[in-house]
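Peer 1: Kindly return the folded structure for what I paste below:
(one chain, ligands or ions: 2)
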Amino acid sequence: MARTRKIIKNSVHRALNAIGDRWSQLILEEAFRGTTRFEDFRARTGAPRNTLSNRLRGLVANGILERRAHREGAARQAYHLTEMGKGLFDSVLLAWSWGIRWDEVSPHGPAGLAHAGCGRSMLPQMVCEHCGGDISLHSCSHHPGPGAGVEEIQVTRLHRRRQPGGADETVRPTSDVVDMTGDRWTGMVISTQYFGVHRFDDIQAMLDIATNILTDRLRALVANGVFERRLYELSPPRYEYWLTRKGKDLYPHALALLLWADRWLADASGPPVEVTHNACGKPILAQVICSGCRAPLTPDNVAERRPGARTKA
Ligand SMILES: [Zn+2]
Ligand SMILES: [Zn+2]
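Peer 2: Ligands and ions are numbered 1, 2, ... in the order given. As a prediction, the model looks like this:
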């Protein structure tokens with residue numbers, strides 16, 4: 001089921017639309033671990049068969065995964081990351097990093113990370129390629145880019161509200177980090193904060209989101225300590241929503257999605273938003289590095305310590 005939404009052009013939203021939802025995020029994380037076969041995705045994500053085939057189909061349709069015949073038998077299909085899909089590694093690393101830093105480790109995600117290059121435990125860190133400085137919400141400025149404006153986008157409805165009871169919801173993953181970084185609506189609601197939109201009606205208008213979905217996501221974001229409410233009108237009581245420190249710390253993850261979408265999902269007019277790194281004044285060019293030795297991280301040189309594992313990463 002799809003409907004058209006008219007929203008302000010925003011690359012974070014384009015990226016979240018292409019990825020989909022928390023199931024797709026878990027599939028993506030597994031793909032970076034080298035998982036390629038349907039049954040392995042199923043065992044490792046816990047996704048129901050129908051949900052898994054639906055999300056795999058979506059990721060293939062959006063150019064993130066590609067289907068190839070498994071080498072052992074022509075009938076069996078394997079799913080591999082495309083070049084476009086591989087570009088999402090930074091966002092996956094930063095989601096993991098955020099989860100570890102804020103103790104929101106999911107059963108599916110790593111409890112710790114190590115860099116094979118230097119052999120140390122580390123947290124992935126986003127820095128400016130020009131000056132090497134840290135990238136955070138406060139070290140960057142946003143300006144309307146050449147592609148700024150309004151666009152109509154087709155949104156495929158993946159699931160209804162987060163309330164339990166729906167067929168999809170009974171077995172959905174319960175991890176906080178995936179809820180925060182892999183849920184399309186949640187990601188979009190968070191990203192409104194980078195553009196200074198704090199009131200319910202304004203957020204609703206910016207995203208063209210159903211009020212019940214927005215209410216639900218705001219409640220979850222406040223419960224998770226990502227948003228805080230600030231009273232701005234007494235009667236009736238009305239609240240603004242602001243990022244907490246924990247919420248602001250999601251910015252590098254959102255920026256990784258924005259930069260990925262500017263590269264892979266751009267329209268001819270160019271990026272809707274231009275981001276400048278304040279320290280050097282240059283257009284943002286970001287890389288994710290090891291906090292120990294500052295070398296760039298790749299899927300081949302990052303090792304995970306899984307939740308419950310006793311060996312130190
Ligand atoms: Zn810089
Ligand atoms: Zn290192």
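Peer 1: contacts, neighbours, all on C-alpha from now
Peer 2: Noted.
Peer 1: Need the nearest residue in space to Ala303, chain neighbours excluded.
Peer 2: Ala114 (5.0 Å; Cα to Cα, 6 or more residues apart in numbering).
Peer 1: Could you measure from that neighbour over to ligand 2?
Peer 2: Going from Ala114 to ligand 2 by Cα to the ion, to the nearest Å gives 8 Å.
Peer 1: Could you look up the SS state of that residue?
Peer 2: Of the three states, Ala114 takes strand under DSSP: H, G, I helix; E, B strand; the rest coil.
Peer 1: list the contacts for the closest residue to Arg306 other than its chain neighbours?
Peer 2: Excluding its sequence neighbours, the residue lying closest to Arg306 (Cα to Cα, 6+ apart) is Pro110, at 4.6 Å. Contact analysis of Pro110 by Cα atoms under 8 Å, 6 or more residues apart in numbering lists 96, 100, 304-307.
Peer 1: What parts of the protein come near ligand 2?
Peer 2: Within reach of ligand 2 by Cα under 5 Å from the ion, the chain has these residues: 115, 118, 290, 292-293.
Peer 1: Spatially central residue in the protein, please.
Peer 2: Centrality entry for the chain: nearest residue to the mean C-alpha point is Thr181, 4.1 Å, by Cα atoms, centre = their mean.
Peer 1: list the contacts for that one?
Peer 2: Counting by Cα under 8 Å, 6+ apart, Thr181 makes contact with 22, 95, 187.
Peer 1: With pLDDT and distance to ligand 1 as extra columns, can I get the residues you listed in TSV?
Peer 2: Formatted as TSV, the contacts of Thr181 follow (pLDDT from 0 to 100; distance: Cα to the ion, whole Å):
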residue	pLDDT	distance to ligand 1
Arg22	88	32
Ala95	94	22
Gly187	90	25
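Peer 1: Which one of those residues is nearest to Leu285?
Peer 2: Closest to Leu285 out of the contacts of Thr181 is Ala95 (18.8 Å), distances taken as Cα to Cα.
Peer 1: any idea how far the closest one lies from Asn301?
Peer 2: 17 Å (Cα to Cα, to the nearest Å).
Peer 1: Do you have the strands of the stretch 101-250 of the chain handy? List them.
Peer 2: Along the stretch 101-250 of the chain, the stretches classed as strands by DSSP state E, counting those that start in this stretch are 112-115, 120-122, 124-128, 140-144, 150-156, 227-233, 238-243.
Peer 1: how about those, which one is nearest ligand 1?
Peer 2: Ligand 1 lies closest, by Cα to the ion, to one member of the strands of the stretch 101-250 of the chain: strand 124-128, at 4.6 Å.
Peer 1: Please name every helix or strand in contact with that closest one.
Peer 2: helix 89-101, strand 286-290 (3 or more Cα pairs under 8 Å, 6 or more residues apart in numbering; DSSP states H and E).
Peer 1: Give the buried residues for the longest one.
Peer 2: With burial defined by 16 or more other Cα atoms under 10 Å, the residues of helix 89-101 counted as buried are 89-100.
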